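Trainee: Got a sequence here, can you build the structure:
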Amino acid sequence: MNSCHQFLSTMASETNPPPAKKAKTLAKSWKLFLTENFGSEGNLYGLQDLFAHGFDSTGYNSRTSATRATADTAVRCTTECQANKFYTLRLEHRKGGPMAQFRGEERILLFRSDRPGAIAKIIYSSELPEGNESSKPTSPLQQGITAAGDHGVESQVNHAYSIAHAKIHVIDVKSQFRGRDLGGLLFSEAITSLKSRYCNDDDDEVEEVGGNKSCGPVKSNGCKQVYDVECMLDAEEDITRHGKLVSFYEHLGCRVKPTKRVQYVNNNDSETYRKIPMQIDLHPPKANSPFKQERARLRRRRFSHLVSSKGSFLPVQLVGSFGKLSVRSHTRQEVMKLDWLVTETPEGIQFGTTNGHLLLATPCGSVSILSPGDEDNEDDSDLDIDTDVLNSWTHFVPCHVSDNDNTESDDRSQNESSRSLWVLRTCHGTFLTADSLRQTLSCTRLPSFWQANGANLSLVCTSDTPPRRHHYRKCWKVSLVCFMKAFYGACNSKCFPITQFQTYDYVSSMRSRFLNFSLGRATLIEALGWIHAFPAHPFHAWSSDESITDFSPDSAPSLRTLCFLMAETAREKGLPDWVQLVALFHELGEAVKILDPSDTGEMAESIYDWTISSRSRIVGCKIPQQATFREFRHLNMDEEDSRYISDTGAYQANCGLENVSLMWAGCEFIYYLLRHNSTSLPEEAFAMIRFFLLGDWHEHREYSSLTNADDEDMLPFIQEFDALRRSVRLKCVECGNLTDEQCSFLWDNHYGDIAAKYNCDHVFNW
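Mentor: Numbers count the residues shown, from 1 in each chain. Modelled structure (predicted):
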């Protein structure tokens, strides 16, 4: 056992992988993909291009939580009028006016772009201290600082400032728009406005209110006077929200005032409310070096908040396989889950948080958040670069990846459009992605794909790729295949007829053709050698750029390596020996391309490769709602055949999955191959090989009208095997290849004996 693991641990350094033809073919297509979609003259896509499909105009709170979304999350159905009414949000700052009820009142209002009337608002007021003498120090401490300054000595003592007073009177978000921290956004914008007026000493900083420009309070010498600000508010909670509002404001930086008494009020609605006095203190920036002060000023000008930028935006959640994605602060390495706002700009899109941070992609591939320009932060001092360059690091260019190849012209359905792929490119030529294990944002030199969901306003980082979508699309659609074959120096035209892939009739014809097992004779260990020519990840985004050596197709692990690695993992976990054997043999269906090169082999290279292990479904009955890539179902002719549109279709009720026809794929062929050649594997082994790809059943519990008690008994074995395969495939993305000697050693010292035990060591009829 230890010798086997020594071989596995050293496999990456001892061998060069074989020429994986399919991986290299895909690498060439990626090079073409990058050239065509990321040219300097390409059009920029905006928010409507990303989120218009499936967009719901009724609000956000009624949708399924995006934290539960995955790459295969169902798009919520909307009415025709809702789907066509796309809108964005904008903020507007107003001061005073006839509706004002407080001295120095200001309002920040949140509007939809498609209709009048605010959907959220914050009302606050502020005023200067009475008897302000702006030209004089306000305390003996400040006088000492002035005196020290007269002698040219840099004081190490903090300034003391006069105190301006502010109060937040109302924060209100309409119920259907809650759940995206829009209240936090309004609060952050109000605090930014107060800081801009009272705390920042930018002489040229002005605010535009009602068309008039005004600056903050000015000293007698013409310089801007700065103040500390005490901002008060009351957290008014009813019995159903006890403690929630206090926690919300504490998260925003407020604190409960211990010297103030909690008040209990009755608003004549039979409910008793309590008002908890709270406060947040705002201070001018610390007296850092002139360089850092100038850097802060430049950032405040360049990275203006949403009110002053007057930009349109949408609240969006960035989602991975297991929920909301996290991002790290720039140097503290603190991992945070944040609520995001995506803003459309002439350079692309920006991701900001509701508290004013910006998502930043660095040249080294890390992704972090840029602190707001008006905060005094030392943790991003290594970003002391030109402000325009830093601004370019905060922009991402969305590029759409078509589901259609050059020969397809049929219209896409609404669901198909909403599940199509996007990439988000940085100015460094890298792509925004999510670490599949840590669930944190990062950048990669290979394209990483996202699905934009307009129904719940989320961007989902998916493991899907264009080749994978093309493959599954062909599982559903009619295809006219005609290509040339060179044979003995002459060009002969070989034409496949119009074929409907993966219909009931197609599967029946493939079973008739291949289940007579007349392709040839070979042992299973010979077949393992053949599949060394095929990549373990046929749809992976391998690069054809020779400078990206870590991701070239020449380093792609082979299918044989994946099989041995999965068998060794099952062995290490202490699983039964027949499970280890199933793990070793389950991918052997691709060997048919070697045994049948003129038909299956050529068709796999040019049109459709049925031997690849891909998610399956039952043919000859109603397609379930949770079917994999169900957005392509409108392309399948069985959808229009009355024989196959019921839950049972061509089968008897509760006949058992053993008696149904699955999509014709490599694992389906291997299932029948092992049965035909009289192996003595247990029934659980056969069920694992045949049904681990039927996720519609063992994940989503579809086909209840066809399953029976025997299927339920097999279910735990199938689920465990599928989970094992998924975990090993993730680990195998960057592993090296096993040599022929290593594979022979593993077979001779372990797996050969197991194969003999279950009568799998003889010559098979294929």
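
Trainee: Please count neighbours and contacts with C-alpha atoms only from this point.
Mentor: Noted.

Trainee: Name the residues that touch the lengthiest helix in the chain?
Mentor: If you go by DSSP state H, the chain has its longest helix at helix 709-731. Contacts with helix 709-731, where a contact means C-alpha atoms under 8 Å, 6 or more residues apart in numbering, come from 562, 565-566, 569-570, 656-657, 684, 687-688, 691-693, 698-699.

Trainee: Among those residues, which lie within helices?
Mentor: The helices, defined by DSSP H, take in Leu562, Leu565, Met566, Thr569, Ala570, Glu684, Ala687, Met688, Phe691, His698 from the contacts of helix 709-731.

Trainee: Surely Cys735 is in a helix?
Mentor: No: according to DSSP: H, G, I helix; E, B strand; the rest coil, the state of Cys735 is coil, so it is not within a helix.

Trainee: Quick check, pLDDT for it.
Mentor: Looking at Cys735, its pLDDT stands at 80.

Trainee: That one: neighbouring residues, count only.
Mentor: Neighbourhood size, Cys735 [other C-alpha atoms under 10 Å]: 19.

Trainee: Isn't it up against Leu559?
Mentor: No: using C-alpha atoms under 8 Å, Cys735 makes no contact with Leu559, being 11.8 Å away.

Trainee: on that earlier part again, name the pair among the ones in helices among the contacts of helix 709-731 with the greatest separation in space.
Mentor: Leu565 and His698 (24.0 Å; C-alpha to C-alpha).

Trainee: right, and Asp577 touches Ala567 too?
Mentor: No: using C-alpha under 8 Å as the test, Asp577 is too far from Ala567 to be in contact (9.2 Å).

Trainee: which of those two has more neighbours?
Mentor: Ala567 (26 against 19).

Trainee: Could I get the contacting residues of the more buried one?
Mentor: Applying C-alpha under 8 Å, 6+ apart, the residues near Ala567 are Val579, Gln580, Leu581, Val582, Ala583, Leu584.

Trainee: Over to Leu182?
Mentor: Ala120, Val173, Thr354.

Trainee: Next: Asp609.
Mentor: His471, Thr600, Met603.

Trainee: Equivalent analysis for Trp340, please.
Mentor: Pro315, Val316, Gln317, Leu318, Phe351, Gly352, Thr353, Thr354.

Trainee: of all these, which two lie farthest apart?
Mentor: Across the contacts of Trp340, no pair lies farther apart than Leu318 and Thr354, at 13.6 Å, counting by C-alpha to C-alpha.

Trainee: Where does Gly352 sit: helix, strand or coil?
Mentor: Three-state assignment for Gly352 (three-state DSSP): strand.

Trainee: so it sits right up against Ser368, yeah?
Mentor: No: in terms of C-alpha under 8 Å, Gly352 does not count as a neighbour of Ser368; the distance is 11.3 Å.

Trainee: joint contacts of the two?
Mentor: The contact lists of Gly352 and Ser368 share Leu359, where a contact means C-alpha under 8 Å, 6+ apart.

Trainee: can you map out the strands along the stretch 101-250 of the chain?
Mentor: Applying DSSP state E, counting those that start in this stretch to the stretch 101-250 of the chain gives strands spanning 105-112, 118-127, 163-173, 207-209, 212-214, 228-237.

Trainee: Now tabulate those in CSV and tack on mean pLDDT and mean neighbour count.
Mentor: Below are those laid out as CSV (pLDDT from 0 to 100; neighbours: other C-alpha atoms under 10 Å):
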stretch, mean pLDDT, mean neighbour count
strand 105-112, 94, 21
strand 118-127, 95, 20
strand 163-173, 94, 18
strand 207-209, 42, 16
strand 212-214, 48, 10
strand 228-237, 91, 20
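
Trainee: Hmm, Ala361 and Leu370 touching each other?
Mentor: No: Leu370 is beyond contact range of Ala361, at 9.6 Å (criterion: C-alpha under 8 Å).

Trainee: more crowded one of those two?
Mentor: Neighbours per residue, other C-alpha under 10 Å: of Leu370 and Ala361, the larger number sits with Ala361, 28 against 23.

Trainee: Leu441 versus the residue nearest to the more buried one when sequence neighbours are not counted, what's the distance?
Mentor: Closest residue in space to Ala361, ignoring its immediate chain neighbours: Val367 at 4.7 Å, by C-alpha to C-alpha, 6 or more residues apart in numbering. Val367 sits 6 Å away from Leu441 when distances are taken as C-alpha to C-alpha, to the nearest Å.

Trainee: got any residues that touch both of the two?
Mentor: Val327.

Trainee: what helix or strand is Cys667 on?
Mentor: Assigned by DSSP states H and E, Cys667 falls within helix 666-676.

Trainee: and stretch 192-206, average pLDDT?
Mentor: In the prediction, stretch 192-206 has an average pLDDT of 75.

Trainee: And the average pLDDT for the longest helix of the chain is what?
Mentor: 93.

Trainee: tilt between that helix and helix 683-691?
Mentor: 60 degrees (axes from the mean of the first three to the mean of the last three C-alpha atoms, to 10 degrees).

Trainee: buried ones in helix 709-731?
Mentor: Neighbour-count burial for helix 709-731, counted by 16 or more other C-alpha atoms under 10 Å, picks out Asp711, Met714, Leu715, Phe717, Ile718, Gln719, Phe721, Asp722, Leu724, Arg725, Val728, Arg729.

Trainee: how much space is there between the residue nearest to Ala361 and Lys593?
Mentor: To Lys593, Val367 is 43 Å away according to C-alpha to C-alpha.

Trainee: For the residue nearest the centre of the chain, give the beta-bridge partners.
Mentor: Residue closest to the mean C-alpha point of the chain, counted by C-alpha atoms, centre = their mean, is Cys461 at 1.9 Å. Bridge pairing for Cys461 (DSSP bridges) gives the partners Trp450.

Trainee: Surely it is in contact with Gly320?
Mentor: Yes: here Cys461 reaches Gly320: they are 5.2 Å apart, a contact under C-alpha under 8 Å.

Trainee: Now the closest residue to Leu694 other than its chain neighbours. Its backbone dihedrals?
Mentor: The shortest distance from Leu694 to any non-neighbouring residue, by C-alpha to C-alpha, 6+ apart, is to Ser616 (4.9 Å). Phi and psi for Ser616, reported as degrees, to the nearest 10, are phi -110, psi 170.

Trainee: Would you map the helices across the stretch 151-300 of the chain?
Mentor: For the stretch 151-300 of the chain, helices defined by DSSP state H, counting those that start in this stretch occupy the ranges 182-194, 244-251, 290-302.

Trainee: gap between Met461 and Ser646?
Mentor: Just so we're on the same page, residue 461 is Cys rather than Met. As for Cys461, its distance to Ser646 is 35 Å (criterion: C-alpha to C-alpha).

Trainee: And for Phe187?
Mentor: Distance from Phe187 to Ser646, by C-alpha to C-alpha: 54 Å.

Trainee: Who has more neighbours out of the two?
Mentor: Ranked by neighbour count (other C-alpha under 10 Å), Phe187 and Ser646 place Phe187 first, with 23 against 13.

Trainee: Which pLDDT value does the model give that one?
Mentor: Phe187 is assigned a pLDDT of 94 by the prediction.
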